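S.K.: Next come a sequence and a model predicted from it.
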Amino acid sequence: MTLNPRQRRLLEAVQRQVTISVEDLANELDVTPQTVRRDVKLMEEARLLARYHGGVGLPSSVENIDYTQRQVLNIEGKRRIAAAVAERVRPGCSLLINIGTTTEEVARALMHHQGLHVVTNNLNVAAILASQPSCEVIVAGGVVRGRDRAIVGEATVDFIRQFKVDIGIIGVSSIEPDGTLRDFDPREVKVAQAIVEQSREVWLVADQAKFDRQALVRITHLSQIDKLFCDAPPPPGLANILAEAQVEVVVAP
C-alpha cells in the first residue's frame, strides 16, 4: 500500500497516541469519520493499523511496519535527526551503523565527510557511503534479509565483535516509558547489542513515533546510551530517565 499524505498523518497520529478514537482522528485530520474509517480499513488490510474496541491502534508488537512504509513515515523528522548527527561526527572517525530507515538518512547526511571508517550490517547504508571515495566501508557477513537488505545472524555478531569503534549509531523500533529499547527480530537485536558493546560512544537516533511504541524483544536500556537524537522532546517520564542517566538529548531543529 502506498500512503497518501492524509494517510501518513493518520498513521503518525496513531503512533504518537498508541490508541486513538476515530472521532479524535477525524478532528485532528479535519476530515469526516467516514473518511477515517475508509483509510483505517485499507491500512488494516496492509497490516499498518489494527482496530480495537473504541479506537484504532498499532498492530501486534510481534511484527514491524513494512520497510517501504517506514521509508516515508516522518521522513522530514528523520532527515533533521540525520543532519544533527552529521554535525557532530568528526572527519576520520570510525562508526558502527545498524539497520533502519533513520540510520540510512544518517548515511546520506555523512556523504561529504572525509576519511570515515564505517562498519555496517545494512546494505543500504553501505551502498550510500560507498560512493564517497574517502570513506572506507566494511560490510558484515551473514544472512541478507531481502525485505530491507539487512544482514543478520550469528556470523554478523561475530564479525562486529572484531571491531572497537569511536561511535555506534543505532536505530530502534520502540522506546518504552521505562526507558527500555526494543525491536522485533531477535537476530536484529543481537546485532544491535553487539554494536553497543563494541562502541566507545553509543548514539541512538529515534523519531518521535518511537516513544511509547511497543515491540517484542529487548535490546538494552536508555542508560546505556550516550546521546539521543530525536525530532521532538521526549515525554516527561523519559526525559527524567534520560536526565538521571546523564544521556545528552539532541532535539533536531
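M.R.: Ah, there it is. Numbers count the residues shown, from 1 in each chain.
S.K.: Endpoints of stretch 111-126, how far apart?
M.R.: Criterion CA to CA, to the nearest Å; first-to-last residue distance in stretch 111-126 is 11 Å.
S.K.: Residues contacting it, please?
M.R.: With CB atoms under 8 Å, 6 or more residues apart in numbering as the test, stretch 111-126 has contacts from 86, 89, 91-100, 103-104, 107, 110, 128-129, 131-132, 134-140, 142, 144, 148-152, 156, 160, 163, 165, 191. C-beta coordinates here come from the backbone N, C-alpha and C atoms, glycine included.
S.K.: Pull out the buried members of these.
M.R.: By neighbour count, with 16 or more other CB atoms under 10 Å, these hold 86, 89, 93-100, 103-104, 107, 110, 128-129, 132, 135, 137, 139-140, 142, 148-152, 156, 160, 163, 165, 191 as buried.
S.K.: In strands only, show me the contacts of stretch 111-126.
M.R.: Under the assignment DSSP state E, the contacts of stretch 111-126 contribute 94-97, 136-139, 144, 150-152, 165 to strands.
S.K.: Point out where the stretch 151-253 of the chain drops to low pLDDT.
M.R.: For the stretch 151-253 of the chain, residues meeting the criterion pLDDT under 70 lie at 212.
S.K.: Next, the buried residues of stretch 178-195.
M.R.: Neighbour-count burial for stretch 178-195 [16+ other CB under 10 Å]: 179-185, 187-195.
S.K.: next one: stretch 240-249
M.R.: Under the neighbour-count criterion of 16+ other CB under 10 Å, stretch 240-249 has 241-242, 247, 249 buried.
S.K.: Repeat that for stretch 198-214.
M.R.: Residues 198-199, 202-213 are the ones in stretch 198-214 that count as buried (16+ other CB under 10 Å).
S.K.: As JSON lines, these with secondary structure and distance to residue 76 would be great.
M.R.: Formatted as JSON lines, these follow (DSSP: H, G, I helix; E, B strand; the rest coil; distance: CB to CB, whole Å):
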{"residue": "198", "secondary structure": "coil", "distance to residue 76": "32"}
{"residue": "199", "secondary structure": "strand", "distance to residue 76": "28"}
{"residue": "202", "secondary structure": "strand", "distance to residue 76": "25"}
{"residue": "203", "secondary structure": "strand", "distance to residue 76": "20"}
{"residue": "204", "secondary structure": "strand", "distance to residue 76": "19"}
{"residue": "205", "secondary structure": "strand", "distance to residue 76": "14"}
{"residue": "206", "secondary structure": "coil", "distance to residue 76": "15"}
{"residue": "207", "secondary structure": "coil", "distance to residue 76": "10"}
{"residue": "208", "secondary structure": "helix", "distance to residue 76": "12"}
{"residue": "209", "secondary structure": "helix", "distance to residue 76": "13"}
{"residue": "210", "secondary structure": "helix", "distance to residue 76": "16"}
{"residue": "211", "secondary structure": "strand", "distance to residue 76": "17"}
{"residue": "212", "secondary structure": "coil", "distance to residue 76": "21"}
{"residue": "213", "secondary structure": "coil", "distance to residue 76": "19"}
